[in-house]
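Asker: what follows is a predicted protein model with its sequence.
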Amino acid sequence: MTDLAGDRSALTERIKELARAAGFDRAGVAAAAPSGQEEALRAWLRRGDHAGMSWLARDPERRLRPADLPPGAVSIVVVALDYHPGPERGGEPGGDLWPRVARYARGEDYHEVMGEGLRRLAAEVARIAPGARTRPYVDTGPLLEREIAARAGLGAVGKHTLLLHPEHGSWFLLGELLTDLDLVPDEPLADPCGSCTRCLAACPTGALAAPYRLDARRCISYWTIEHRGPVPAEVRPGLGGWVFGCDLCQEACPWNREPTPASEPRLGLPPERAALDLAGLLALDRDRYVDLFRRSPMKRAKLEGLQRNAALAAGDRADPAYRPALAGALRNPSPAVREAAAWALSRIGGGPARDRPAGAGSEE
Ligand code: SF4
Ligand code: SF4
């Protein structure tokens, strides 16, 4: 091991520098201590606020005790990567789909981007601290990552339940490197919300049922990303035209007024998807879908989910220009897409079709 091994502070600072060199915007350290959120997590699960995401209810003990995870973690290096595209000048790139796709999902799959950076970081840690064991996690691991990131000083959990930093807002992704190295933990930040409740007021579906409590059963992100099959009739009008995720509670947050633009170009919307619009998405066949979304986090909703959401979004806009695409979707092999298309057509009614919106169908 290098001489850094004897100096806990110097080793910690060096690892944070290496995290930035690996492409991350910020890094902090938390002790791999048991979670202080045990009661809150159990209450959330008891209320059923996790909706159909049954995997979140599996094995909560593992989530609460990161030290039990490999590699016998003592410390957790938490990294942050900004993803906001920067000033949007009132317009959005490309087809009419993109104003209603959550910004984190417009570019390459962040699991890949973050995972690659974390593997680079792990290799560098192995170089400066030979014998140290590490393990990267991005979203998929059994970690309560927002709580851990808050303990690592990367922000504090806001009333919209996301991690929020007074300088960097909340438009950033998180990843973790668990290690058996004993590093110096960072200090948590103060509560950034105070008496503000803008995100609660901005949520159109009441999913922020109370400060710091997200009821996924009412959240647009849940319905458009995680839910499989038809969307219940009572939920459809509340989706507000979102095709994948929802950014409204973040847009409302005063700390997000001047977002830091992403430094990682792979998180930007690539030209081959930028031109795709609702009508084009409804018309996609499987081969073209695989081509376009292979490297996108939007593949989580699968082709069926994206087309179902596109039909519901077209219905939300109630624009007769979508009628031909929706009529085509009535022949879709998925009952969920067909049902959504029929609902959308019933919203649009029988008036004359206007010209297609600019860019419609231009993905071909
Ligand atoms: S993502 Fe949208 S629906 Fe979900 S809590 Fe935020 S504003 Fe509400
Ligand atoms: S909108 Fe206000 S209450 Fe909500 S997270 Fe931002 S600062 Fe906190």
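Answerer: Structure received. Ligands and ions are numbered 1, 2, ... in the order given.
Asker: how does the protein divide into domains?
Answerer: 3-96+104-179, 270-364 (automatic domain parsing).
Asker: tell me the mean pLDDT for the last one?
Answerer: Taken as a whole, domain 270-364 has a mean pLDDT of 88.
Asker: hmm, that domain in reach of ligand 1?
Answerer: No: with C-beta under 6 Å from any ligand atom as the criterion, ligand 1 is not reached by domain 270-364; the gap is at least 13.7 Å. C-beta: built from backbone N, CA, C; applies to glycine.
Asker: kindly report the same for stretch 32-52.
Answerer: No: using C-beta under 6 Å from any ligand atom, no contact is recorded between stretch 32-52 and ligand 1, whose separation bottoms out at 11.2 Å.
Asker: how distant is that stretch from the center of its chain?
Answerer: Per C-alpha atoms, centre = their mean, to the nearest Å, the displacement of stretch 32-52 from the mean C-alpha position of its chain is 19 Å.
Asker: need the contact partners of that stretch.
Answerer: Applying C-beta atoms under 8 Å, 6 or more residues apart in numbering, the set of residues contacting stretch 32-52 from outside is 56-57, 60, 63-67, 69, 73-76, 144, 147, 151, 178, 209, 213-217, 219, 222, 226-228.
Asker: before we move on, back to that, JSON lines please, covering the domains of the chain and showing mean neighbour count.
Answerer: Written out in JSON lines, the entries for these read as follows (neighbours: other C-beta atoms under 10 Å):
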{"stretch": "domain 3-96+104-179", "mean neighbour count": "19"}
{"stretch": "domain 270-364", "mean neighbour count": "19"}
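Asker: out of these, nearest to residue 204?
Answerer: Closest to residue 204 of those is domain 270-364 (C-beta to C-beta; 11.4 Å).
Asker: about what we covered before: what about the contacts of stretch 32-52, which are in helices?
Answerer: Using DSSP state H, the members of these that fall in helices are 60, 63-64, 147, 151.
Asker: OK, contacts around residue 303?
Answerer: If you count contacts by C-beta under 8 Å, 6+ apart, residue 303 has them with 284, 286, 289, 293.
Asker: separation between the most centrally placed residue in the chain and ligand 2?
Answerer: Closest to where the C-alpha atoms of the chain average out (C-alpha atoms, centre = their mean) is residue 104, at 5.5 Å. Plainly put, residue 104 is 16 Å away from ligand 2 if you go by C-beta to the nearest ligand atom, to the nearest Å.
Asker: can I take it that that residue is in a helix?
Answerer: Yes: counting by DSSP: H, G, I helix; E, B strand; the rest coil, residue 104 is located in a helix.
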